[in-house]
Structure formats: C-alpha cells, structure tokens
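Asker: test case, fold it:
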Amino acid sequence: MTKHKRHSAITLPRNILSFLLHEERRSGSLLLIAATTAFVLSNTNFNDLYQSFIHNKISLGGVSLDVKHWISEGLMSLFFLVVTLEVKRELIDGELRSWRKASFPVTAAVGGMLLPALIYTSINQYAPESNGWAVPIATDIAIAIGVLGLIGKRIPRSLRIFLLALAIIDDIGSIIIIGLFFNHPENAFALIAAFTVIMFLVLFRRQRNWLVIFGVLGFILWYCFTLAGISGTMTGVILAVLAPLVTSRKNATHLQSSEKVEDILLPLTAYIIVPLFVFANAGLRLSDLSLESGSSLNVFAGVTGGLLIGKPVGIFAASFVSNLLGLSRKPAGFTWTQLLGVGFLAGIGFTVSLLIADLSFENHALRDAAIAGVFTASILSSIIGVFILRTVKSRTVK
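Answerer: Alright, predicted model coming up:
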C-alpha cells in the first residue's frame, strides 16, 4: 500500500481511488474467484448444497429473506454507503469537484449508459423482457480497474483515473435508476415510517454523537424500507447523502467521522461483502439455461450487445464529439485508442449488473439469460480491452 500524506500524525483513509489503484488485483481477483466458485458449484454435484445455502430462509422481526437476499438487500447497503460516501468526496475534493475536471468523464459515462440501454430496448421492446433495460448500463469498478492493473504499471495514471471517474458516475446513474425504477412500495405504513426516520436523520445530522444515531436509525430505516418493498440498498445511499462531510481532504487536520466509517467499511465491502454477493448471484447452472426461446435469447442478446458494443461505442462517441465541439477536453496522457480500450473494460458489468438483473426479472429463465449475458460480455470485453491496451502500449511505450 502506498502511504498517504499525513496531517497531525494521522494517516488519511484509504478511499476508493487509492484503494483500487493499489489493491486492484487483489480485490478484483476475489470477485473472479467468488464467481468461478459459484459457477463450478452450480454445475457439479455440489449444486444442491450451494442452492440450499443461498436459499436458506432467515427471519428477523417480520422480515423473512433467504441468504441470497439478506446479502443483496442487507449487506450490499453497506457497499452503497461506501460508494455514495466516495461520490461525495469526489464532488468535494476529487475528480468531480469542478465541471472542468468532471465534464469529460461525465460525458463519456452518459454515452456509455444511454447507448447500452438503447441497444437493449431495440431488441427487447415489450415487457417482461424490456424490464432488463438497465442491466447493461453499469460498470464493475473493482474488476475493471483490476483487469487494467493486469496490463502493468506503465498504463498512464490519468487513464486509470478516467476509468475510475467513469465508473463512479456509472454508479451514480445506477443508484438513481434503482431508486426510481426498481422500488415498488407495498406497505404504506412502513413507507411513512421510513420517511419519518429520514426526517429524524436530517434533524440529528449535526449532533456530536450523530454516528451512533445514524447507526440506530439506519437499521430502523432499512427495516422500514424492506417491509415497504423498497430495496434495502437505498438505506446506504440515504445515510451517505445525509452524513456530514464538508471539509476538503487537502485542508483537513483530522479525520471526520464519515471518513472513519468509510475507512472501516471499505476493506469489509471489497474483501467480504461484494465477493459474497457475487458468490450468491453468480450460480448460473448451464443445464437450466435455455436460449432456445425467443424471450431468453433476446434478453441475452440485449445484455451482451449493450455491454460489449454499447459501452465502448457510447463512451468513445460521446467523448469524441464532446471534445470536438469544445464541450469538454480530453485529459493529456492517453490516446483515443487507449480510451477505446478503456471503453471495452467499462463493458465489464458485474456487481451492479447482477443486482439489477435480480431486481428486473421474476422469471428465472429471463434472469438466467441476463446473467449469462453479463458473464459473456464481461469476459469478451475484458479480452478485447486488454488486447487493445497491450497493443497500443507496445507501440507507444518503449
């Protein structure tokens, strides 16, 4: 790990930028191991053991979920808490703190979200297949940065930062989409209770002991959201948005409480929670996968085409046109061909794509087709992206 600049003998927290740029191989490798393990177990004699584990029901105070959904709806709320805290940090004192710095990755990210969705919906125009339009819009930060790390340290740092900023903006878009389109409140009383809790969070956010209050009220909010039929992951987003974080890192003399929370939760989410999520959601059984029906084949084609083609083309086209019109400026240090290679790496949609696939389809065949599309596109995108970046590197770097 690279040591950070010290202020008053305190080491600043390992944010997503420093963590991923220096630990990308380790965290990305864990996700690949988790996915491979789930896939192997699902397609061997251990499938019954695997299925019984992830579908084992656990009840808590009127909420009854299987292990898979406790991970997806419970533990993953901590993942979204960390991601949203980092988004706030980047807006305050990071790569997104000014429009001049943020305009290029923002434009690229918008193109990289719109075109995949358009490709998917052009193939799947009617429900329930059309419900999966958001599956190919997300980029998996850890794996994309991890694959980029496999190419070596000679890849420009500016290119890595561009990919990270792009993925963070993708996360913002994914969070908004999950909040707007994949929550269907079913319990009005629980929903009113949740809004009441949010009001208390706003009132107590400036208290000295706000961290303890947020911990207690955050659990109550998650409980109310779950009873109301809203994804528990939104709890992490709301807590991060309301958490006090106002001091710029470069001017700080001590760690803020929210920074300490991020420092504690980042390794927990990267090394335990997200790999657990991937393990619980990547168990695709090939014998159960049928792409013979038009519906499943269209979902598979839409997800694969959206990630494999829509991501790189959308990112490259939006960036190039924006730069050409003077709306944004490409950072120095990497070429357009390298940007195209990174565009393919952005087609690695794993964690959030699997979550959206799970939220999008009640039909198991369609969900499996979407997961198969995520797997296929992610593998092909990583191969093509690495090939492009290795080829460019060998020709331009001596």
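
Asker: contacts for stretch 232-245, please.
Answerer: 72-74, 76-85, 87-89, 92, 175, 178-179, 183, 198, 201-202, 205-206, 210, 214, 218, 221-222, 225-226, 256-259, 261, 355 (C-beta atoms under 8 Å, 6 or more residues apart in numbering). For the C-beta atoms, the positions are set from N, CA and C on the backbone; glycine is no exception.

Asker: buried residues in that stretch?
Answerer: 232-243, 245 (16 or more other C-beta atoms under 10 Å).

Asker: want to throw the residues you listed into a markdown table with secondary structure?
Answerer: Below are the buried residues of stretch 232-245 laid out as a markdown table (DSSP: H, G, I helix; E, B strand; the rest coil):
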| residue | secondary structure |
| --- | --- |
| 232 | coil |
| 233 | helix |
| 234 | helix |
| 235 | helix |
| 236 | helix |
| 237 | helix |
| 238 | helix |
| 239 | helix |
| 240 | helix |
| 241 | helix |
| 242 | helix |
| 243 | coil |
| 245 | coil |
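
Asker: could those go into TSV alongside pLDDT?
Answerer: Listed next are the buried residues of stretch 232-245 as TSV, based on pLDDT from 0 to 100:
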residue	pLDDT
232	81
233	80
234	83
235	88
236	87
237	83
238	88
239	89
240	86
241	84
242	87
243	83
245	68
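
Asker: how many other residues sit next to residue 54?
Answerer: Neighbour count of residue 54, defined by other C-beta atoms under 10 Å: 19.

Asker: wait, which of the buried residues of stretch 232-245 is closest to residue 349?
Answerer: residue 233 (16.6 Å; C-beta to C-beta).

Asker: between the buried residues of stretch 232-245, which is closest to residue 62?
Answerer: Once C-beta to C-beta is applied, the member of those that ends up nearest residue 62 is residue 232, at 14.1 Å.

Asker: who are the contact partners of the closest residue to that closest one other than its chain neighbours?
Answerer: In this structure, residue 232 finds its nearest non-sequential neighbour in residue 73, 3.9 Å apart by C-beta to C-beta, 6 or more residues apart in numbering. Counting by C-beta under 8 Å, 6+ apart, residue 73 touches 65, 226, 231, 232, 233.

Asker: pretty sure residue 138 contacts residue 347?
Answerer: No. Between residue 138 and residue 347 there is no contact under C-beta atoms under 8 Å: 10.3 Å.

Asker: so which elements touch the helix or strand containing residue 266?
Answerer: According to DSSP states H and E, residue 266 maps onto helix 257-268. Here helix 257-268 touches helix 16-42, helix 76-93, helix 210-228, going by 3 or more C-beta pairs under 8 Å, 6 or more residues apart in numbering; DSSP states H and E.

Asker: which parts of that helix are buried?
Answerer: 257, 258, 259, 261, 262, 263, 265, 266.

Asker: low pLDDT regions in the chain?
Answerer: In the predicted model of the chain, residues 1-28, 94-96, 142, 149-150, 152-154, 183, 185, 245-257, 288-293, 393-398 satisfy pLDDT under 70.

Asker: which one is the residue positioned nearest the centre of it nearest to, not counting chain neighbours?
Answerer: Nearest residue to the geometric centre of the chain (C-alpha atoms, centre = their mean): residue 352, 4.5 Å. Closest residue in space to residue 352, ignoring its immediate chain neighbours: residue 138 at 3.7 Å, by C-beta to C-beta, 6+ apart.

Asker: in contact with that neighbour, which residues?
Answerer: Applying C-beta under 8 Å, 6+ apart, the residues contacting residue 138 are 170, 171, 173, 174, 349, 351, 352, 353, 356.
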